[in-house]
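Q: the sequence and its predicted three-dimensional model are supplied below.
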Amino acid sequence: RKQGVWEFIESEEAVSIIQRYIGEGANKACEVLIETAAQRWREYEGDYRDDITAVVVKVQEIFQAVDEEDAKIEADIAEMWDGNQP
């Protein structure tokens, strides 16, 4: 059984909401998704609603941060290697 966000929002609509607001940040996109889900619960179920939990992660930024950290580590290793050569 669907629950939370997915009770009244299909995947395609959730993606559309995230795409529309991701430019304002992952937190904003997540907030709008949760607010939309809560509104749908009010429309269809009145005062009752299931728990609504969502996480929006900008994966590209995570990979970019990892790449930058890897480059720093590689530079540090190269510097240490060069410093230990006779």
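A: Yep, that arrived. Keep in mind that what you see is a predicted model, and the values were worked out from it rather than measured.
Q: next helix or strand past whichever strand or helix holds Leu33?
A: Per DSSP states H and E, Leu33 falls inside helix 26-45. Heading C-terminal from helix 26-45, the first helix or strand you meet, by DSSP H and E, is helix 59-83.
Q: and that following helix, what other elements does it pack with?
A: Judged by 3 or more Cβ pairs under 8 Å, 6 or more residues apart in numbering; DSSP states H and E, helix 59-83 has no packing partners among the helices and strands. (C-beta placed from N, C-alpha, C; glycine too.)
Q: that one: which residues count as buried?
A: Under the neighbour-count criterion of 16 or more other Cβ atoms under 10 Å, helix 59-83 has nothing buried.
Q: still on that earlier bit, identify all contacting residues around the helix holding Leu33.
A: 4-5, 7-9, 14, 17-18, 20-22, 48-50, 52, 54-58 (Cβ atoms under 8 Å, 6 or more residues apart in numbering).
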